[in-house]
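Chemist: Below: sequence and its predicted model.
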Amino acid sequence: MKKIVLILSILLCSTVMFSQKVKVIEGGFKNLKGITVYNLEFDYTGVQIPKYDSEEAFLKDKMEKRENKKAGAGEEFKKSWFADREERYEPKFIESFNKRFDGEVRVAKDIDAEYTMKIHSTMMWAGYNVGVVRKNSKLEATVSVYKTSNPSEVLWSANYTKVEGSGAMGYDFDSGYRISEAYAKLAKEVAYNIKKKAK
């Protein structure tokens, strides 16, 4: 019995440790040494939705299905799909990142800072929760840091994949909430990498 518990514990730890993946594509973490504040920019252009050719195709499908059930529900879904970015995902990323540094390093939107951190979301999937069956949300993003006055001067850029979001104890029936948790996980991973490698 003890052996089974030990094996399960190892498997669980492995899943947590290797769920998110990061691949540096330009520059390096060491280039971020000494930076204490970042202007934060979010970019959703070209975001891919699994099983759909484009975000537009995804929205068209989801809106039509909702509209067939209730008039106006399609537009309501589209409105919330875009509003969640500024109202939920971005604040969640900021909160999660900043609390890892306890004030020593911070990110904020629309501030005057020498360096900008750009979060380009390249893939987003809401997952689902229908009570008895659920799947985590999934997020992929390219995170870059560049000189605010010269965006072509990239200090570091990396692709983050297999970032998953879920609510505590499975109480995450709202898709926007599940995705916001993926942004929190992304921020946690970026902050961890900077703390560990930007020395």
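Modeler: That came through, no problem. This is a predicted model, so every value here is computed, not measured. Numbers count the residues shown, from 1 in each chain.
Chemist: The longest strand along the chain pairs with which strands, parallel or anti?
Modeler: Ranked by residue count, the top strand of the chain under DSSP state E comes out as strand 150-165. For strand 150-165, the paired strands and their directions (DSSP bridges) read strand 21-27 (antiparallel), strand 137-147 (antiparallel).
Chemist: Can you point out the buried residues in that strand?
Modeler: Across strand 150-165, burial judged by 16 or more other C-beta atoms under 10 Å covers 154, 155, 156, 157, 158, 160, 161, 163, 164, 165. Where C-beta positions appear, they are placed from N, C-alpha and C, glycine not excepted.
Chemist: from the chain's centre, how far out does that strand sit?
Modeler: Averaging C-alpha positions (C-alpha atoms, centre = their mean, to the nearest Å) puts strand 150-165 11 Å from its chain's average.
Chemist: Could you check the angle the helix or strand following it makes with strand 21-27?
Modeler: Per DSSP states H and E, the first helix or strand lying C-terminal to strand 150-165 is helix 175-197. Relative orientation of helix 175-197 versus strand 21-27 (axes from the mean of the first three to the mean of the last three C-alpha atoms, to 10 degrees): 60 degrees.
Chemist: out of the strands paired with strand 150-165, deepest packed?
Modeler: Across the strands paired with strand 150-165, the average number of neighbours (mean count of other C-beta atoms under 10 Å) peaks for strand 137-147, which reaches a mean of 21.
Chemist: got the CA positions of that one in PDB?
Modeler: Presented in PDB, the C-alpha positions along strand 137-147 are these (Å, rounded to 0.1, in the frame of the first residue of the first chain):
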ATOM      1  CA  SER A 137      -8.600  25.300 -19.900                       C
ATOM      2  CA  LYS A 138      -5.400  25.400 -22.000                       C
ATOM      3  CA  LEU A 139      -3.200  28.300 -23.000                       C
ATOM      4  CA  GLU A 140      -0.100  28.900 -25.100                       C
ATOM      5  CA  ALA A 141       1.700  32.200 -25.400                       C
ATOM      6  CA  THR A 142       4.900  33.900 -26.600                       C
ATOM      7  CA  VAL A 143       6.200  36.100 -23.800                       C
ATOM      8  CA  SER A 144       8.800  38.800 -24.800                       C
ATOM      9  CA  VAL A 145      10.700  41.600 -23.100                       C
ATOM     10  CA  TYR A 146      12.000  44.500 -25.200                       C
ATOM     11  CA  LYS A 147      13.200  48.100 -24.900                       C
END
